[in-house]
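>>> from the sequence below, what's the structure:
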Amino acid sequence: MPFNKRLVAMWPMASLAILIVLLNSNGQAQTVTERVRATLASKMDTVVYKSLISGRSSRVILQARSGYKDLLTARLKKAGIPISSYYQSIDGLVVFMNPRQMVDVCSSIATDRCSVDAEVRASGSPLLYSARKSLSTKSLSSQEASNTALASMGLATNVNGGLGLSVAVIDSGIAPTEALASRIVDFVDFTSGQAQRTDPYDDYGHGTHVAGLVAGQQNQADWAVQGVAPQTNLVGLKVLKADGSGSVSHVISAIDYAVANRERLRIGVINLSLGHPIFEAAETDPMVQAVEAAIRVGIVVVVSAGNYGMNKARKVGYAGITSPGNSPSAITVGAYNHQGTVDRADDVVADYSSRGPSWYDGYAKPDVMAPGHRLLSELAVDSTIARRHPELIISGESGRRFLRLTGTSMAAAMVSGVVALMKERMPEMTPFLAKAALQYTALRLNKSDGAPFDLLTQGTGSINGEGAIRLLASINPQVTDLHTKWTSITTTCETSPKVDGITTSVTTDQRIFRQTPGSGNVASCAATQVGGVRYPWASTLVWGKNLVLGESLFYNLPIWGLNLVWGENLVWGENLVWGENLVWGENLVWGENLVWGENLVWGENLVWGENLVWGENLVWGENLVWGENLVWGENLVWGENIVWGENILFL
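The predicted structure is shown next:
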């Protein structure tokens, strides 16, 4: 007898199985089969599935099965479910559904995936000081009078960098400050759920700070706060509200807008200094899929890694990468503390910077690091951050006021600026080539004992703007024959250098570079001088879960083109050497140092249970309390007053 699919009740079982009771046409109770329950579980992310189990309604992003969009739309209309928006990049819709509707729609053949329209938040924050210290930092210090963050990346303050390109800043908006007003070429507000073109504004203050790091065009008195690429145009796409929160669907709308208008606005880079915890594999994550779609049309997407590198007890842990930092093709950026100096010897990975690997997939992230600690940039007057944290407002040499923020948001902005400089030098640069150039030329970061941070903590190292631009300058994009050498970097090598007290040796063809003890005449084209000291490039790539060695970057290979998925099954040719598996290598010990998790499958055969331990006394399970006011689990709350550590407030 046919079913009248009306949900009567659901009970969570100890085994996490659920019993769904339906009424047939005679009003008699019938139960959904285990097969249907399994179908629902396989099509839902963890948040939507828990909502279903507990009987809660939820705002859901529906991704249609290929070729079934019209059928899915018709099913929603027949069920009386309003459709708020359609998203081209993911072939998806956003709807609000109760549990009965979730069962009906998510089990449908027309539906490929049901994901929560999750809350996203900015990945940057104020750095708190005592009242006495606040008074002493109201003007630039002698160190801050020069742009040490730029210098630590091997770059000098540049008034002309980034000409002819636009960076789309998807954030809380951009205030038209003196240094930014002339750079804003388009501004669209998505926070109402619809794309609304308005005058530029920023009621939170985060996006303005990010935009200033990318392209702030200061007068000479304020060159200490000059953006990385001050001639770059800005496209402000507002997705975060005055409290710093937004939703995945609004971010996807902004990404789709950038893709659709990339030629008109000359958008070459998207900056995403925001994120949310990972609730599903990257392959089905809606925000990740929108990012991947943007990359496939040639836009370089730079994403913050997240600020979940440590807990309240200040214990550092792994696997804290946020979405969309788990996008395989995006450049995911962690933050290092450059200590306000040019000297690289004192640079360290910031404790709060999220480590890899990414949840569910086990991708080795972040890709690179950039300065992100206590950076000065543009101030959005009367914004939420400015009103709540006046102690972070600093006076510049000209008397203009600036804002000091901390986080991987700031680090991502620095990388977006460097990518703009790279794109200016080589307009043909594809997203994968940009990522590879930044990774290959990165400078390794070391701990206080001199040992390097592992690759799941720092990626291949801190970005080296000078080296990345020099590497691209050596590439001849006219070389179109695949597997043919296209770089002439070996012709610019110098001899007999000492790199940080250690010589750099190369093979006889001078294309594979390693840092090794030794002496004698050696090539230095794989080193960059910072603060009077030459530092070796990492000369490696991180690909999926593995370390890539060899000379692949020096040949025109299919991977440096477009329309490819960053993964393990690409054709590299004969110039590839696979190194160790970064996720399950010897350099990382799992157990006490693993971040949140519940029933997570790494790979095909290994299952992590519900009660993973991080540190001596902290259990990461379903109802983890992280910080003073944050519950990480079924009832996720992103509050405004969550304290991480002793001095940092992440909003």
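>>> measure the closest residue to G320 other than its chain neighbours to S353 for me?
Excluding its sequence neighbours, the residue lying closest to G320 (C-beta to C-beta, 6 or more residues apart in numbering) is Y308, at 3.4 Å. Placement of C-beta: from N, CA and C, glycine included. From Y308 across to S353, the span is 9 Å (C-beta to C-beta, to the nearest Å).
>>> buried ones in stretch 226-239, by neighbour count?
Going by neighbour count (16 or more other C-beta atoms under 10 Å), the buried part of stretch 226-239 is 226-239.
>>> any idea which of the residues you listed is closest to N464?
N464 lies nearest to V228 out of those, by C-beta to C-beta, at 13.2 Å.
>>> ok, the closest one touching M422?
No. Here V228 lies out of contact with M422, judged by C-beta atoms under 8 Å, at a distance of 10.8 Å.
>>> poorly predicted segments of the stretch 51-200 of the chain, please.
By pLDDT under 70, the weakly predicted segments of the stretch 51-200 of the chain are 125-146.
>>> tell me where the stretch 101-250 of the chain has strands.
Using DSSP state E, counting those that start in this stretch, the strands of the stretch 101-250 of the chain run over 111-116, 119-122, 124-126, 166-171, 184-189, 196-197, 233-238, 245-247.
>>> for N337, which of the ones you listed is the nearest?
With C-beta to C-beta as the criterion, N337 lies closest to strand 124-126 of the strands of the stretch 101-250 of the chain, at 14.1 Å.
>>> beyond the lengthiest helix in the chain, next helix or strand please.
What stands out as the longest helix in the chain, according to DSSP state H, is helix 408-425. Later in the chain than helix 408-425, the nearest helix or strand by DSSP states H and E is helix 431-440.
>>> got the angle for that following helix vs helix 408-425?
Between the direction of helix 431-440 and that of helix 408-425, the angle (axes from the mean of the first three to the mean of the last three C-alpha atoms, to 10 degrees) works out to 110 degrees.
>>> show residues contacting helix 431-440.
Taking C-beta atoms under 8 Å, 6 or more residues apart in numbering as the criterion, the residues outside helix 431-440 that touch it are 295, 298-301, 329, 331, 367-368, 415, 418-419, 422-423, 429, 459-460, 463-464, 468, 471-472, 537-542, 553, 559-562, 564, 566.
>>> quick check: strands, which of those residues are part of them?
Using DSSP state E to define strands, the subset of these located there is 300-301, 331, 368, 541-542.
>>> list just the nearest of those residues to I252.
Nearest to I252 among those: V301, at 12.7 Å, using C-beta to C-beta.
>>> what bridges to the closest one?
Using DSSP bridges, the bridge partners assigned to V301 are I270.
>>> so it makes contact with L272?
Yes. Proximity of V301 to L272 meets the contact threshold set by C-beta under 8 Å, at 6.6 Å.
>>> more crowded one of those two?
Here V301 and L272 are compared on neighbour count by other C-beta atoms under 10 Å; more neighbours surround L272, at 32 against 29.
>>> look up how far V116 lies from that one.
From L272 across to V116, the span is 18 Å (C-beta to C-beta).
>>> endpoints of stretch 333-346, how far apart?
Chord length of stretch 333-346, first to last residue, is 20 Å (C-alpha to C-alpha, to the nearest Å).
>>> where does the stretch 251-400 of the chain dip in pLDDT?
When the per-residue scores of the stretch 251-400 of the chain are filtered using pLDDT under 70, the ranges that remain are 311-313.
>>> let me know how buried T73 is, in neighbour terms.
Residue neighbour count, defined by other C-beta under 10 Å, stands at 16 for T73.
>>> using PDB, write out every CA atom in the helix or strand it falls within.
Counting by DSSP H and E, the secondary-structure element that holds T73 is helix 69-78. C-alpha atoms of helix 69-78 as PDB (Å, rounded to 0.1, in the frame of the first residue of the first chain):
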ATOM      1  CA  LYS A  69      17.700  20.100 -11.200                       C
ATOM      2  CA  ASP A  70      14.200  20.600 -12.800                       C
ATOM      3  CA  LEU A  71      12.900  17.500 -11.100                       C
ATOM      4  CA  LEU A  72      14.200  18.700  -7.800                       C
ATOM      5  CA  THR A  73      12.700  22.100  -8.200                       C
ATOM      6  CA  ALA A  74       9.300  20.600  -9.100                       C
ATOM      7  CA  ARG A  75       9.500  18.400  -6.000                       C
ATOM      8  CA  LEU A  76      10.200  21.300  -3.800                       C
ATOM      9  CA  LYS A  77       7.300  23.300  -5.300                       C
ATOM     10  CA  LYS A  78       4.900  20.400  -4.900                       C
END
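>>> state the distance from L438 to G417.
When C-beta to C-beta is applied, the distance between L438 and G417 equals 12 Å.
>>> sorry, wrong one. I was asking about V94.
Summarising the geometry, the distance separating V94 from G417, computed by C-beta to C-beta, is 33 Å.
>>> looking at those two, which is more packed in?
Regarding V94 and G417, a neighbour count based on other C-beta under 10 Å identifies G417 as having more, with 31 against 23.
>>> now do the contacts for that one.
For G417, the set of contacting residues under the criterion of C-beta under 8 Å, 6+ apart consists of 161-162, 167, 213-215, 227-229, 232.
>>> if we go to 10 Å?
With contacts defined as C-beta atoms under 10 Å, 6 or more residues apart in numbering, the neighbours of G417 are 150, 153, 155, 158, 161-162, 167, 213-216, 227-230, 232, 269, 271, 302, 370, 465.
>>> make a PyMOL selection of whichever of these turn out to be buried.
Applying 16+ other C-beta under 10 Å to these leaves a buried subset, and the PyMOL line that selects it is:
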select buried, resi 150+153+155+158+161+162+167+213+214+215+216+227+228+229+230+232+269+271+302+370+465
